[in-house]
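**Student:** turn this into a model:
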Amino acid sequence: MNTTAKMIIGITVAAAAGAAIGMLMAPEKGTDLRKKIKAGASDLLKEFSTLLSTGKGLASDFKSKIQPTLEELNAEHVELGV
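**Tutor:** Residues are numbered from 1 along each chain as shown. A predicted model of the protein is given here:
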């Protein structure tokens, strides 16, 4: 996982934790608060799922672009008898 992905995940988790703490400190009824926390967690899960899907797509694209080069290097390696 690269540094950018780690930063995005860290910021997302920190924002979710901050929002949850803020909700717990707010003077609201328990049922309303639980609904808000559930909705927030659901939104966070959707965002994380989207981020994960994007990452998988980028990894797949990278693999398809680099595969011919890796095969060429492997063929050269075999030809040299290394």
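
**Student:** can you pull the pLDDT of residue 23?
**Tutor:** On pLDDT, residue 23 comes in at 72.

**Student:** make that residue 66, sorry
**Tutor:** At residue 66, pLDDT is 90.

**Student:** buried residues in stretch 39-50?
**Tutor:** For stretch 39-50, the neighbour count (16 or more other C-beta atoms under 10 Å) marks residue 44 as buried. From N, CA and C alone the C-beta is placed, and that goes for glycine too.

**Student:** contacts for that stretch next, please.
**Tutor:** Defining contact as C-beta atoms under 8 Å, 6 or more residues apart in numbering, one finds that stretch 39-50 is touched by 9, 12, 16, 19, 20, 23.

**Student:** I'd like the next helix or strand past the helix or strand containing the third one.
**Tutor:** Secondary structure from DSSP states H and E places residue 16 in helix 3-25. Per DSSP H and E, helix 3-25 leads on to helix 30-80 as the next helix or strand towards the C-terminus.

**Student:** list the helices and strands the helix holding residue 16 packs on?
**Tutor:** Helices and strands touching helix 3-25, by 3 or more C-beta pairs under 8 Å, 6 or more residues apart in numbering; DSSP states H and E, are helix 30-80.

**Student:** tell me the least confident of the contacts of stretch 39-50?
**Tutor:** When the contacts of stretch 39-50 are compared on pLDDT, residue 23 comes out lowest, with 72.

**Student:** from memory that residue sits against residue 35, does it?
**Tutor:** No: if you go by C-beta atoms under 8 Å, residue 23 and residue 35 don't touch, sitting 10.3 Å apart.

**Student:** more neighbours: the two, which one.
**Tutor:** Using other C-beta atoms under 10 Å, the more surrounded residue of residue 23 and residue 35 is residue 23, with 15 against 12.

**Student:** ok, residue 33 - contacts?
**Tutor:** By C-beta under 8 Å, 6+ apart, the contact set of residue 33 is 23, 24, 26.
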